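Participant: Sequence and predicted structure are below.
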Amino acid sequence: MSSSSSPPSAGQPALSRKTAALVAALSLLVAMAVWLPALRFFFEPAAIDGASLPPATDALARRFAAQWSGDQPKGDQPKGDQPKGDQRKGDQPKGDQRKGDQPKGDQPKGDQRSPADLAWARRVNPEWDFMARTYQVLSFVNLALRQPDRRDAHLAVIDTIIDDTLRLERDQGMHYFLLPYAKRRPFVVQPERSIFIDGEIALMLGARRLLAEREDYRLAHRKRVEGMVAQMEQSPVLSGESYPNECWTFCNTVALASIRMADVLDDSAVDHHDLIQRWLQTAREKLVHPDTGLLVSSYTPDGQWLDGPEGSTIWMVAHALQLVDEDFARDQYERARAELGQQWLGFGSAREWPRSWRGPQDVDSGLILAGLDISAGSSGLALLGARAFDDQDFFRSLMTTVHFAAFPVEQEGTAHYAASNVVGDAVMLYAFTVGPLWQLVKERSQ
Amino acid sequence: MKGRWTRIPGLSRWCLLTALAIAVCYGILHAAGCRELVTIVTGTVPGDVSRGTAVVFGLGYVLCYLGSWIVAPVLVVAAGAYWGASVALCRRSSAPEPSPSGR
């Protein structure tokens, strides 16, 4: 930058080296001041209200639908790859998810019917395979409610995903979708059940039943809910374990949402209003981080905290709570927005931890950009929170970041985000479509 | 044309050429379909390429993309600002000193 002090035109004197350096530095500052605030305008979407769908929605949905029907675009089959670096969740020892570390018999056999993306996801993290299914089912239920003319097509995708998931769980056991450390020690509450698995399967079944009743799903949903309720009642904090001695707020609030759906659907059966109220009361008393007022993310079945509040948990927690306590849900969202939400020059993102709590980077937080404190996991789920709570300003700024940094790729009428993965894309599709399903539950509960 | 180009200060020329080089690299990688290889940042390698190729071209694409959207425009604006400032300052320093009488 300092090399040039050439004259601007022949016959005019050159700037001194010192002046040239000063002018160069000022020019650079001016250029940044002009360009960086303008960058957003190239990526900012038009305002999207809750009733509208972002433009990428259909192409994203088509990609998932094509995968489940076996029509994956050519060259779109990912090669298996192994996770990079530390893949810990909770207190799992470092390196627990390294290549070849999965117990024998836990390999992805029997998933030939599942899309290649999910096969890749489960090699990296079996939870991603499972959660991608949940978010896809919820997305297609919302799409079916938004697009009645395409209801049957969406229903077919939903049933394919649910049937495949139930088949895998039946054939391989619940550990198929859990990280290997679930086998390291016994679950505290016996017989062993993971409310992570039961809650999301129950949510899928409940969502599908709200769209259209199916007898075998009704029985499966009821049975799943009864099992979760029995498990939760054995804990002093009314929470089921996701992993041995490890309860997650994410999983337990999803379970509560699925129980709420069961109550709405099977109004002649047992009402779990009392359990839900007791859970909320207990959570307010024992599971709230005092500095932020946010629910902590994980704890033992007797209520000892394992982690503080986390962005990769709290946005979904707030959304799930919308079905059981709207005021508490909004309170959690607004606190998360204040503690974790970030907006710079029109670009939105979310932190994984509030300033008063810092946990380890793990498989849930995803990549965290040092310095900027941007968490990929938290930012993706913040899209869902912002959309679910109709926070259009935050949603728009997050979408600006998605358009800029998630590298959308369109291919043969389908779309995906190259910097995301199958679970990230599924969360985004759910964030785009969220609304009608939760609204239906609320209407039917009145 | 060449005469006009040589009248641009060297620093501005360097900024413009660097911005152009970044944009050309990005254009080539984009046209070659390397955007798809950005999946490497999540650990995914598209089916028909080797891991090494995906790392080189996927990460190269990310760098050129960010360079094209952040660095190159800043360099172009800075080149213009530096050129304008240089012209203004040189004209000012080469202007005749006003006489003591003010005429």
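Facilitator: In hand now; what should we look at?

Participant: lowest-pLDDT helix or strand in chain A?
Facilitator: Counting by mean pLDDT, DSSP states H and E, chain A has its least confident helix or strand at strand A:78-79, which shows a mean of 52.

Participant: now the host helix or strand of residue A:256: how far from the chain's centre is it?
Facilitator: Assessed by DSSP states H and E, residue A:256 sits inside helix A:249-265. Centre-to-centre, helix A:249-265 and its host chain are 17 Å apart (CA atoms, centre = their mean, to the nearest Å).

Participant: any weak-confidence spans in the stretch 151-300 of chain A?
Facilitator: By pLDDT under 70, the low-scoring segments of the stretch 151-300 of chain A are A:268-269.

Participant: so where do the strands sit in it?
Facilitator: Along the stretch 151-300 of chain A, counting by DSSP state E, counting those that start in this stretch, strands occupy A:247-248, A:298-299.

Participant: could I get those strands as CSV with distance to chain B and mean neighbour count?
Facilitator: Every C-beta, even on glycine, is put in place using the N, C-alpha and C of the backbone. CSV is the format used below for the strands of the stretch 151-300 of chain A (distance: least, CB to the nearest CB, whole Å; neighbours: other CB atoms under 10 Å in any protein chain shown):
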stretch, distance to chain B, mean neighbour count
strand A:247-248, 23, 30
strand A:298-299, 24, 25
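
Participant: need those strands in JSON lines with distance to residue B:32, can you?
Facilitator: Below are the strands of the stretch 151-300 of chain A laid out as JSON lines (distance: least, CB to CB, whole Å):
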{"stretch": "strand A:247-248", "distance to residue B:32": "43"}
{"stretch": "strand A:298-299", "distance to residue B:32": "44"}
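
Participant: Tell me which of these sits nearest to residue A:26.
Facilitator: Proximity to residue A:26 (CB to CB) singles out strand A:298-299 among the strands of the stretch 151-300 of chain A, at 50.8 Å.

Participant: Does anything pack onto the helix holding residue A:256? Which helices or strands?
Facilitator: helix A:195-211, helix A:215-233, helix A:273-286, helix A:311-321, helix A:436-444 (3 or more CB pairs under 8 Å, 6 or more residues apart in numbering or on different chains; DSSP states H and E).

Participant: what sits up against the longest one?
Facilitator: Read it as helix A:215-233. A:162, A:166, A:189, A:193, A:195, A:198-199, A:201-202, A:205-206, A:208-209, A:238-241, A:252, A:255, A:258-259, A:261-262, A:265-266, A:269, A:272, A:275, A:279 (CB atoms under 8 Å, 6 or more residues apart in numbering or on different chains).

Participant: Next: the shortest one.
Facilitator: Where contact means CB under 8 Å, 6+ apart, the residues beyond helix A:436-444 that reach it are A:138, A:141-142, A:145-146, A:207, A:210, A:260-261, A:264-265, A:319, A:322-323, A:388.

Participant: how about a cut-off of 10 Å?
Facilitator: A:50-51, A:138-139, A:141-146, A:203, A:206-207, A:210-211, A:257, A:260-261, A:263-265, A:267, A:319-320, A:322-324, A:326, A:388, A:430 (CB atoms under 10 Å, 6 or more residues apart in numbering or on different chains).

Participant: Mind listing what's buried along it?
Facilitator: Buried residues in helix A:436-444, counted by 16 or more other CB atoms under 10 Å in any protein chain shown: A:436-438, A:440-441.

Participant: can you put the residues you listed in JSON lines and add pLDDT?
Facilitator: Listed next are the buried residues of helix A:436-444 as JSON lines, based on pLDDT from 0 to 100:
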{"residue": "A:436", "pLDDT": "96"}
{"residue": "A:437", "pLDDT": "97"}
{"residue": "A:438", "pLDDT": "97"}
{"residue": "A:440", "pLDDT": "96"}
{"residue": "A:441", "pLDDT": "96"}
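
Participant: Pick the one among these closest to chain B.
Facilitator: residue A:437 (27.8 Å; CB to the nearest CB).

Participant: Name only those of the contacts of helix A:436-444 that count as buried.
Facilitator: Among the contacts of helix A:436-444, those buried by neighbour count (16+ other CB under 10 Å) are A:138-139, A:141-146, A:203, A:206-207, A:210-211, A:257, A:260-261, A:263-265, A:319-320, A:322-324, A:388, A:430.

Participant: OK, contacts around the closest residue to residue A:48 other than its chain neighbours?
Facilitator: Excluding its sequence neighbours, the residue lying closest to residue A:48 (CB to CB, 6 or more residues apart in numbering or on different chains) is residue A:54, at 5.6 Å. Shown in contact with residue A:54 (CB under 10 Å, 6+ apart): A:45-46, A:48, A:60, A:383, A:387, A:395, A:399, A:402-403, A:428-429, A:431-433.

Participant: among these, which are in strands?
Facilitator: Among the contacts of residue A:54, no member falls in strands (DSSP state E).

Participant: which of the residues you listed has the weakest pLDDT?
Facilitator: In terms of pLDDT, the lowest of these is residue A:48, showing 81.

Participant: any idea how far chain B is from that residue?
Facilitator: Look at residue A:48 and chain B: by CB to the nearest CB, to the nearest Å, they are 23 Å apart.

Participant: how about residue 57, what does it touch?
Facilitator: No chain in the question, so chain A it is. The neighbours of residue A:57, taking CB under 10 Å, 6+ apart as the test, are A:48, A:139, A:142-143, A:146-147, A:415, A:428-429, A:431-433.

Participant: The intended chain is chain B.
Facilitator: Counted by CB under 10 Å, 6+ apart, residue B:57 has contacts B:29, B:32-38, B:40, B:49, B:64.

Participant: Max pairwise distance over the residues you listed: which two?
Facilitator: The distance between the two most remote of the contacts of residue B:57 (CB to CB) is 17.6 Å, for B:49 and B:64.

Participant: So if I had to pick from those two, which one is more boxed in?
Facilitator: Legend: neighbour count by other CB atoms under 10 Å in any protein chain shown for residue B:49 and residue B:64, higher for residue B:64 (24 against 18).

Participant: SS state for that one?
Facilitator: Applying DSSP: H, G, I helix; E, B strand; the rest coil to residue B:64 yields a three-state assignment of helix.

Participant: Spatially nearest residue to it (excluding sequence neighbours)?
Facilitator: In space, and not counting its chain neighbours, residue B:64 is closest to residue B:26: 3.9 Å by CB to CB, 6+ apart.

Participant: Surely that neighbour and residue B:70 touch.
Facilitator: No: using CB atoms under 10 Å, residue B:26 is not in contact with residue B:70; the gap is 11.5 Å.

Participant: neighbour-wise, which of the two wins?
Facilitator: Using other CB under 10 Å as the criterion, residue B:26 and residue B:70 rank with residue B:26 on top: 21 against 16.

Participant: could you say which helix or strand contains that one?
Facilitator: Using DSSP H and E, residue B:26 falls in helix B:10-31.

Participant: can you give me the offset of that helix from its chain's centre?
Facilitator: On the basis of CA atoms, centre = their mean, helix B:10-31 sits 5 Å off its chain's mean C-alpha point.

Participant: what helices or strands is that helix leaning on?
Facilitator: Counting by 3 or more CB pairs under 10 Å, 6 or more residues apart in numbering or on different chains; DSSP states H and E, the packing neighbours recorded for helix B:10-31 are helix A:17-39, helix B:2-7, helix B:51-66, helix B:72-94.

Participant: what angle separates the helix holding residue A:256 from helix A:273-286?
Facilitator: Using axes from the mean of the first three to the mean of the last three CA atoms, to 10 degrees, the inter-axis angle of helix A:249-265 relative to helix A:273-286 is 160 degrees.
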